[in-house]
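Trainee: Whatever this is, show me its structure:
(one chain, ligands or ions: 1)
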Amino acid sequence: MTAPSDPEAALRSAHREAGQGPIRRITRMTLDHPLLFTISVVSTLIAAGLQLTIPLLLGRAVDQTQGLLERPDETAQGALLLTALTLLVVSILRGVFTMAQNYTAENLGHRVGYALRLAVYDKTQRLSFSFHDKSHSGDLVTLGILDLEGVRMYFSTAFIRTILLTVLIGVGAAVMVSIDPVLALVALCFAPFVAWRSSATQLRMRATWLELQDRLAVLTRVMEENLGGIRVVRAFAGFRHEMFKFDRASARAMQLAFHRVALRVRNSSAMTLSFFAAMGLVLWVGGGKVIAGSLTVGELTTFLTFMTILQMPVRQLGLMVNAFARAGTCGRRVFDLLDREVEIEDAPDAKPLEIGAGTLRFEDVHFAYPDAPESPILNGVSFEATRGETVGIVGPPGSGKSTLSHLIPRFYDVTDGTISIDGQDIRNVRLDDLRRAAAVVQQDSFLFTTTLENNIAYADPWATDTRIAGAAGSAQLHDYIIGLPEQYGTVVGERGVSLSGGQRQRLSIARTVMQRPNVLVFDDSTAAIDAATEARIRAAMEEEADSRVTLIVAHRLASLMHADRILFLDKGRVVEEGTHDELLAKGGRYAALHALQTRPEDDVIAEMEDAR
Ligand SMILES: Nc1ncnc2c1ncn2[C@@H]1O[C@H](COP(=O)(O)OP(=O)(O)OP(=O)(O)O)[C@@H](O)[C@H]1O
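Mentor: Model prediction:
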């Protein structure tokens, strides 16, 4: 048995027998806990055996009571007492072993669930952006909760139940046949019908459950979007339309729920009816045999008790079939994710990144997103920047500026060409080293629901207060933070204080600066910050700028015109390159953009039309 939480062992267990069928893999995972597995199976067998002796003991007790009524003596009384005591001991032992079986089976199921939950989380952290671009986060959450639950329940509801039901039904039927084959046939006539009804209904219930799950997912998505876009909804007075959308999804889910209830109730009534009909038949046929003297009252009692005991496992056959089907589908989804190839990870011979002069070089870089290989985004981009240099990247929307910056920390790999740092191809160095050395301040500034301090020190949780305050100072956020009642202890994010767009971006800058990267990329990350604050941020960072390469992607030329070199990107190609003054003198695309941003729009448009 592994320790209650041993992450390494859990991850190994979840990845065993990759590529095999889900049921086989889940069963294999349960075998990683041999002690729990053995206790659970042995307890199940003993509990089932003990349960099967109860009808025999009851039958014997009834015969002994009858004998006592006919001929009361101490021996008969003693025998009845012994049977009663045995019944008591058997019942207690059965309870103890059932308890052991339930506890160990649930315990084992939770360990399997823990291992898979960890492995799923680990995988989603490592899978490349190209995977996350295509996946809906809601679907991953569903997989991480509902599908894992289906797999977790496998051991107790499918595996152990199969052993229990096989022993109870198999041995129970054999014992009845050995007492009276004809009566056994009558007693068991309800079993095939109930087993069929139960299995068929459970499979139909499963199909409707999957549909209900889909409908609930739609409902969640409608709600998520509505809450996420609450400002848009209010601004466009979209309340009625949103209400209609929600009501339609909700009504569909309710109809399906009604259908499921009707299915369950109808099925349960039919099974109960057939069971009592069979019991009536046994009483009728068995009663006749008792009168004829070929069966004792005790034996008839044994039959009736067996039937009561067997009713539960026969009805549960459907649940067992359902548990296998559920574990199969849920397991397939979970293992498909776990078996997914991680496109971007350390090469087998990845080396530590060694920083010397800190030179970043793009050599004839080509790139297309993996899901659209026929639409190249970058077409032969080459440039070089050394420590202390600032490179500005500008160009029309969609020209590939953000894409270019995302290639540096290997969010995606180049399709062709090479990106290197100090001559080391970034695909050949350790990913952790690379991502510590090359950091991107993203366009969207994500805040974790925690304190400002934790948000800023995300990359280095052990950073001193002085460093955190220093980073916030460089990002021009320190003065705002110390004005808050809780200062750096203020909780931000969904359940905390709301920050403005500009403040979020400044926090994002502080977080990245904390990392002291060798290559720092600003991906349009000052768009929500006013020009004066931006200039102050730039001045504050001037000192540290000497220790790294800085790349600035921006639409506002004021953000990058101070750069040592500016690249004008269009359709994934560098169409102009030079300093601000050189590019102005050239009178090309950059100069036109500059004119547009610095002079009245009408003048520039008129000038451009004249030039045509
Ligand atoms: N994850 C993605 N998968 C597929 N295509 C993408 C993805 N991200 C961006 N693109 C496409 O790549 C092209 C370049 O996008 P990119 O964001 O790099 O441009 P950009 O120059 O930064 O634009 P903007 O100035 O508007 O931010 C666009 O056509 C965009 O639709």
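Trainee: contacts, neighbours, all on C-alpha from now
Mentor: OK.
Trainee: What are the boundaries of the strands in the protein?
Mentor: 360-367, 378-385, 390-394, 416-421, 424-425, 438-441, 519-523, 549-553, 565-570, 573-578 (DSSP state E).
Trainee: Can you lay out those strands as a markdown table showing mean pLDDT?
Mentor: Shown next, in a markdown table, are those (pLDDT from 0 to 100):
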| stretch | mean pLDDT |
| --- | --- |
| strand 360-367 | 92 |
| strand 378-385 | 90 |
| strand 390-394 | 91 |
| strand 416-421 | 92 |
| strand 424-425 | 92 |
| strand 438-441 | 88 |
| strand 519-523 | 89 |
| strand 549-553 | 90 |
| strand 565-570 | 91 |
| strand 573-578 | 90 |
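Trainee: Mean neighbour count added to the ones you listed, as TSV?
Mentor: Converted to TSV, the strands of the chain look like this (neighbours: other CA atoms under 10 Å):
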stretch	mean neighbour count
strand 360-367	21
strand 378-385	19
strand 390-394	26
strand 416-421	20
strand 424-425	16
strand 438-441	24
strand 519-523	25
strand 549-553	25
strand 565-570	23
strand 573-578	18
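Trainee: got TSV for those strands, with distance to the ligand too?
Mentor: As requested, these are arranged in TSV below (distance: least, CA to the nearest ligand atom, whole Å):
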stretch	distance to the ligand
strand 360-367	10
strand 378-385	8
strand 390-394	8
strand 416-421	16
strand 424-425	22
strand 438-441	13
strand 519-523	8
strand 549-553	8
strand 565-570	8
strand 573-578	11
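Trainee: The ones you listed into CSV, with extra columns for distance to residue 139?
Mentor: Formatted as CSV, these follow (distance: least, CA to CA, whole Å):
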stretch, distance to residue 139
strand 360-367, 28
strand 378-385, 31
strand 390-394, 36
strand 416-421, 33
strand 424-425, 36
strand 438-441, 28
strand 519-523, 29
strand 549-553, 33
strand 565-570, 36
strand 573-578, 37
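Trainee: is stretch 123-142 up against the ligand anywhere?
Mentor: Yes. Stretch 123-142 reaches the ligand (CA under 6 Å from any ligand atom) through residue 133.
Trainee: tell me how far the ends of that stretch are from each other?
Mentor: Length of stretch 123-142, first residue to last, CA to CA, to the nearest Å: 15 Å.
Trainee: Show the average pLDDT along that stretch.
Mentor: Stretch 123-142 shows a mean pLDDT of 78.
Trainee: wait, which of the strands of the chain is closest to residue 468?
Mentor: With CA to CA as the criterion, residue 468 lies closest to strand 438-441 of the strands of the chain, at 16.7 Å.
Trainee: what helices or strands is the closest one leaning on?
Mentor: In terms of contacts (3 or more CA pairs under 8 Å, 6 or more residues apart in numbering; DSSP states H and E), strand 438-441 is packed against helix 501-513, strand 519-523.
Trainee: Show me what it is in contact with.
Mentor: For strand 438-441, the external contacting residues (CA atoms under 8 Å, 6 or more residues apart in numbering) are 405-406, 408-409, 508-509, 512, 515, 517-523, 525.
Trainee: Check the offset of it from the chain's centre.
Mentor: The chain centre lies 27 Å from the centre of strand 438-441; the measure is CA atoms, centre = their mean, to the nearest Å.
Trainee: which neighbours does it have in its sheet, and in what orientation?
Mentor: Take DSSP bridges as the rule and strand 438-441 pairs in its sheet with strand 519-523 (parallel).
Trainee: Only alpha carbons, please: show the strand it pairs with as PDB.
Mentor: Taking C-alpha atoms only, strand 519-523 is exported to PDB below (Å, rounded to 0.1, in the frame of the first residue of the first chain):
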ATOM      1  CA  VAL A 519      14.900  38.500 -22.400                       C
ATOM      2  CA  LEU A 520      11.900  40.600 -21.400                       C
ATOM      3  CA  VAL A 521       9.000  40.900 -23.900                       C
ATOM      4  CA  PHE A 522       6.200  43.500 -23.500                       C
ATOM      5  CA  ASP A 523       3.400  42.100 -25.700                       C
END
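Trainee: how far out from the middle of the chain is it?
Mentor: Distance, centroid of strand 519-523 to centroid of chain: 31 Å (CA atoms, centre = their mean).
Trainee: How about stretch 127-138?
Mentor: For stretch 127-138, the distance to the chain centre is 12 Å (CA atoms, centre = their mean).
Trainee: One more: stretch 112-126?
Mentor: On CA atoms, centre = their mean, the centre of stretch 112-126 falls 8 Å from that of its chain.
Trainee: Report how many residues lie close to residue 160.
Mentor: 21 (other CA atoms under 10 Å).
Trainee: gap between the residue nearest to it when sequence neighbours are not counted and residue 183?
Mentor: Once flanking residues are discounted, residue 160 sits nearest to residue 41: 6.8 Å by CA to CA, 6 or more residues apart in numbering. Using CA to CA, residue 41 is found at 32 Å from residue 183.
Trainee: Then residue 31?
Mentor: 42 Å.
Trainee: Between the two, which is the more surrounded one?
Mentor: residue 183 (21 against 16).
Trainee: so what's that one up against?
Mentor: Residue 183 neighbours (CA under 8 Å, 6+ apart): 176, 177, 282, 285, 286.
Trainee: For residue 88, which of the strands of the chain is the nearest?
Mentor: Using CA to CA, the nearest of the strands of the chain to residue 88 is strand 438-441, at 71.2 Å.
Trainee: Using PDB, write out every CA atom in the closest one.
Mentor: The C-alpha atoms that make up strand 438-441 are tabulated as PDB, following Å, rounded to 0.1, in the frame of the first residue of the first chain:
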ATOM      1  CA  ALA A 438      12.700  34.700 -21.300                       C
ATOM      2  CA  ALA A 439       9.500  36.200 -19.900                       C
ATOM      3  CA  VAL A 440       6.500  37.800 -21.600                       C
ATOM      4  CA  VAL A 441       4.300  40.400 -20.100                       C
END
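Trainee: Roughly how far does the residue of the chain positioned farthest from its centre sit from the ligand?
Mentor: Most distant residue from the mean C-alpha position of the chain: residue 71, 70.4 Å away (CA atoms, centre = their mean). Between residue 71 and the ligand the distance, using CA to the nearest ligand atom, to the nearest Å, works out to 90 Å.
Trainee: where does that residue land on pLDDT?
Mentor: 76.
Trainee: and what of residue 118?
Mentor: Predicted confidence (pLDDT) for residue 118: 89.
Trainee: Can you report how many residues lie near it?
Mentor: The burial count for residue 118: 18, using other CA under 10 Å.
Trainee: and if you look at residue 44?
Mentor: By other CA under 10 Å, neighbour count at residue 44 equals 26.
Trainee: can you pull the contacts of the closest residue to residue 347 other than its chain neighbours?
Mentor: Spatially, and ignoring its direct neighbours in sequence, residue 347 is nearest to residue 428 (6.2 Å; CA to CA, 6+ apart). Counting by CA under 8 Å, 6+ apart, residue 428 makes contact with 346, 347, 349, 350, 351.
Trainee: hmm, try it at 10 Å
Mentor: 346, 347, 348, 349, 350, 351, 352, 353, 420, 434 (CA atoms under 10 Å, 6 or more residues apart in numbering).
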